[in-house]
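Student: can you look at this prediction? I've put the sequence above it.
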Amino acid sequence: MTTSDIDESVRAELNRLRESIDNIDAAVVHMLAERFKCTQQVGHLKAEHRLPPADPARESRQITRLRQLAENAKLDPAFAEKLLNFIVAEVIRHHERIAEESANGETA
């Protein structure tokens, strides 16, 4: 069965839900873009002051905080932690690149 074979009211509800999902996906992308703009600034500040790219203590606090937020939102905390770990790994990669560029006298 394809979506063209289903009842019109079901198709309309499916389309409505998919439009909401598309809107949420767009919001998530924009929110991640804003988050990475901020973390890029953090990376430059860390490089300027020769601070390490990673902050394990903060990362641990953030994981605990995010797991609690996920539980309160009825989202699987393990999934939330995996997502944060993925994001943090990318942030650290950016911070390492910024630190390397700073050490080499390069500007972004």
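Tutor: Alright, I've got the coordinates. As the structure is a prediction and not an experimental result, all values here were calculated from the model.
Student: show the subsequent helix or strand relative to the helix of greatest length in the chain.
Tutor: In the chain, with assignment by DSSP state H, the single longest helix is helix 8-48. Sequence-wise, the next helix or strand downstream of helix 8-48 (DSSP states H and E) is helix 56-72.
Student: and for that following helix, what are the contacting residues?
Tutor: Contact with helix 56-72 is made by 76-77, 79-81, 84-85, 88, as judged by C-beta atoms under 8 Å, 6 or more residues apart in numbering. C-beta here means a position set from N, CA and C on the backbone, and glycine is covered the same way.
Student: so how far is that helix off the chain centroid?
Tutor: Counting by C-alpha atoms, centre = their mean, to the nearest Å, helix 56-72 is centred 14 Å from the centre of its parent chain.
Student: three-state assignment of residue 74?
Tutor: Secondary structure for residue 74, judged by DSSP: H, G, I helix; E, B strand; the rest coil, is coil.
Student: show me the contact partners of stretch 38-53.
Tutor: Residues from elsewhere that reach stretch 38-53, judged by C-beta under 8 Å, 6+ apart: 91-92, 94-96, 98-99, 101-103, 108.
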